[in-house]
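Asker: Any chance you can model this:
(chains A and B)
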There are 2 protein chains.
Amino acid sequence: MTEIRPAGKGDFDGIWPIMRAVFEEGETYPHSGAISEEAAFDYWIKSPTATYVALDGGRVKGTYYVRPNQPHRGAHVCNAGYMVSPEARNRGVGTAMGRHSLNQARALGFTAMQFNLVVATNLPSIRIWEKLGFRKAGTLPKAFDHKKLGLVDALVMYREL
Amino acid sequence: MTEIRPAGKGDFDGIWPIMRAVFEEGETYPHSGAISEEAAFDYWIKSPTATYVALDGGRVKGTYYVRPNQPHRGAHVCNAGYMVSPEARNRGVGTAMGRHSLNQARALGFTAMQFNLVVATNLPSIRIWEKLGFRKAGTLPKAFDHKKLGLVDALVMYREL
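Answerer: Numbering: from 1, shown residues only, chains lettered A, B, ... in the order given. Purely as a prediction, here's the structure:
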């Protein structure tokens, strides 16, 4: 059973290896695998409104954050980012975090959620977001430099809450 | 005649009143009119790749910045922001800066330009961007809290360079 709860002080020890692995893959996030631990902490823990972890047997298998996507007059729309540990994929952790995040975002007062750069080749994620009510709001041609495939399109996805 | 050149040390004195006026209007940028001078300097001068000013008779009438829209694997796509002083509008300063920025962005090595939040009611700007080859890449329903109109749509606009 996956438990999802707010990230606590000690959780970054379980989050950081997942971030490094996902960035190193170079297929879903634009960040470099050479990102510093401090910059990663700032991105995922310090600057978001809230960060959560998905646990299985007490170990961090996934994590997500929620934050305003724009300041002030755009701050009612949140952005969120999700990561699943490579060895825990295809077991519903992403979908569980997705559902959880919609409720949390509503509880935090956001009225919409926006993903700014969903890599068009990342079909498992796109399938999850469509299942959870997101629509493709737009396409950004060749906006992502995929580590294996080179320049590929990215999607903007959006859902009112 | 409008001269456009890179912003120098003293130019923020001419830029800051324009930023304050534009933010205070609350119709095109999401930022609060209560933004601090330091945060405005960081946003417009310190963090971008480059910032430019449009001058008329030696006075700053407009300004724009260019910066990567995403880190690393998305850093070939730039974002840009433009402002024209309220008393200098409808005289082609925006169009001149738009054209200038496309050349500068190419010279800086970017291969596309993206606007993340073009307020759908800002028809003069949308007309300029379409004239300069941008297309509407997507629509974000009710993503902008317009000071006079309340929640209105925003567009993502995109152009390869």
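
Asker: Which positions are bridged to A:A54 in the beta structure?
Answerer: With DSSP bridges as the criterion, A:A54 is bridged to A:I4, A:G62.

Asker: typo on my end, it should be A:G150
Answerer: A:H146.

Asker: And the pLDDT at it?
Answerer: You'll see A:G150 listed with a pLDDT of 98.

Asker: Ends of stretch A:65-81, what's the gap?
Answerer: Start-to-end span of stretch A:65-81 (CA to CA, to the nearest Å) is 5 Å.

Asker: so does that stretch get close to chain B?
Answerer: Yes - in terms of CB under 8 Å from any CB of the partner chain, part of stretch A:65-81 sits within range of chain B, namely A:Q70, A:P71, A:H72, A:R73, A:G74, A:A75, A:H76, A:V77. C-beta coordinates here come from the backbone N, C-alpha and C atoms, glycine included.

Asker: Among these, which one has the most neighbours?
Answerer: A:V77 (27 neighbours; other CB atoms under 10 Å in any protein chain shown).

Asker: need the contact list for the residue of chain A found nearest chain B.
Answerer: Chain B sits closest to A:G138 of chain A, with a gap of 1.9 Å, by CB to the nearest CB. Listed by CB atoms under 8 Å, 6 or more residues apart in numbering or on different chains, the contact set of A:G138 reads A:L155, A:V156, B:K136, B:A137, B:G138, B:T139, B:V156, B:Y158.

Asker: and of those residues, the nearest to A:T49?
Answerer: A:V156 (20.3 Å; CB to CB).

Asker: Measure how buried that closest one is and give me the count.
Answerer: Other residues close to A:V156 by other CB under 10 Å number 24.

Asker: Can I get the helix or strand hosting it as PDB, trimmed to CA atoms?
Answerer: Element membership for A:V156 (DSSP states H and E) is strand A:150-160. Output of strand A:150-160 as PDB, limited to C-alpha atoms (Å, rounded to 0.1, in the frame of the first residue of the first chain):
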ATOM      1  CA  GLY A 150      17.100  14.800 -29.400                       C
ATOM      2  CA  LEU A 151      14.600  17.600 -29.900                       C
ATOM      3  CA  VAL A 152      11.100  16.500 -29.300                       C
ATOM      4  CA  ASP A 153       7.800  18.400 -28.700                       C
ATOM      5  CA  ALA A 154       6.500  19.300 -25.300                       C
ATOM      6  CA  LEU A 155       2.900  19.800 -24.200                       C
ATOM      7  CA  VAL A 156       1.300  22.300 -21.900                       C
ATOM      8  CA  MET A 157      -1.400  20.500 -19.900                       C
ATOM      9  CA  TYR A 158      -4.100  22.200 -17.900                       C
ATOM     10  CA  ARG A 159      -7.000  21.300 -15.600                       C
ATOM     11  CA  GLU A 160      -9.400  23.500 -13.700                       C
END
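
Asker: Show me what it is in contact with.
Answerer: For strand A:150-160, contacts defined as CB under 8 Å, 6+ apart pick out A:102, A:111-121, A:126, A:129, A:132-146, B:74, B:76, B:137-138, B:140-143, B:156.

Asker: Quick one: residues contacting the residue nearest to A:P68 when sequence neighbours are not counted.
Answerer: Excluding the flanking residues, the one nearest A:P68 by CB to CB, 6 or more residues apart in numbering or on different chains is A:A75, at 3.9 Å. Contacts for A:A75 (CB under 8 Å, 6+ apart) come out as A:P68, A:N69, B:P30.

Asker: now, which of the contacts of strand A:150-160 lie within strands?
Answerer: The members of the contacts of strand A:150-160 that map onto strands under DSSP state E are A:112-119, A:135-146, B:137-138, B:140-143, B:156.

Asker: what's near enough to touch the residue lying closest to A:G98 once chain neighbours are set aside?
Answerer: Computed as CB to CB, 6+ apart, the closest residue to A:G98 that is not its neighbour in sequence is A:L132, at 5.0 Å. Residues in contact with A:L132 (CB under 8 Å, 6+ apart) are A:T95, A:G98, A:R99, A:L102, A:R159.
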